[in-house]
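*Asks:* A predicted structure for the sequence below; I have some questions about it.
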Amino acid sequence: MLLSKAETIVVEKVSTVVVDVFAPIMDVLSRPAAAVNDAVKTVRGLADLRDENIRLTRENERLLIWQEAARRLASQNQALQSLLDFKPGPKSQSIATRVIADSGGAFVRSVVVNAGDRDGVRKGQAAVSGAGLAGRVADRGIQVCQNFADY
């Protein structure tokens, strides 16, 4: 038993000496492996950066399109808001009347309506029908006026 204990101590000391001797060699041999490992990590990182760069470039293109759309909409919004500040002129007054005579000329068409000076009709005023502008007041009397039709 004494020999076996002595052998164990000797084996441990020899093992320690061998490790001490080979430690610098193992350190030198492990450096290229560590360098290769670092290089592989760097290449993976560069590949990840390239993929992220492609993704961000696409996202920037998409965002630039949205930015341009937002600018167009902001401009349109500003134009429409300025239209909301429209101040109408004095309130216009309409006069409802009936056609009581129609000349039916070949080149100029004129009608006589049953509204005149007493109703507030003035020379040059527009004559409007349900279809839009019909003509203008050419002449007026107290009770009737003559309109030249532009249709």
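*Replies:* Perfect, thanks for sending it. A quick note: this is a predicted structure, and the numbers were derived from the prediction, not measured. Residues are numbered from 1 along each chain as shown.
*Asks:* So in that sheet, which strands flank the longest strand that the chain contains, and in what orientation?
*Replies:* The single longest strand within the chain, with elements called by DSSP state E, is strand 132-140. Taking DSSP bridges as the criterion, strand 132-140 forms sheet pairs with strand 126-129 (antiparallel), strand 145-149 (antiparallel).
*Asks:* Using the record's assignment, carve the protein into domains.
*Replies:* The chain breaks down into these domains under automatic domain parsing: 1-87, 99-149.
*Asks:* circling back to that earlier point, mean pLDDT lowest where, among the strands paired with strand 132-140?
*Replies:* In terms of average pLDDT, strand 145-149 trails the rest of these, at a mean of 64.
*Asks:* T8 versus A74, what's the distance?
*Replies:* 86 Å (CB to CB, to the nearest Å). Using the backbone N, CA and C atoms, a C-beta is placed for each residue, glycine as well.
*Asks:* no, scratch that, I was asking about V17
*Replies:* In this view, V17 and T8 are 15 Å apart by CB to CB.
*Asks:* likewise R50?
*Replies:* Counting by CB to CB, the gap from R50 to T8 is 57 Å.
*Asks:* what does the model give the nearest residue to V128 once chain neighbours are set aside for pLDDT?
*Replies:* The shortest distance from V128 to any non-neighbouring residue, by CB to CB, 6 or more residues apart in numbering, is to A134 (6.0 Å). Note on A134: pLDDT of 79.
*Asks:* neighbours of A134, just the number please.
*Replies:* 18 (other CB atoms under 10 Å).
*Asks:* and if you look at V14?
*Replies:* 10.
*Asks:* This completes my enquiry, with thanks.
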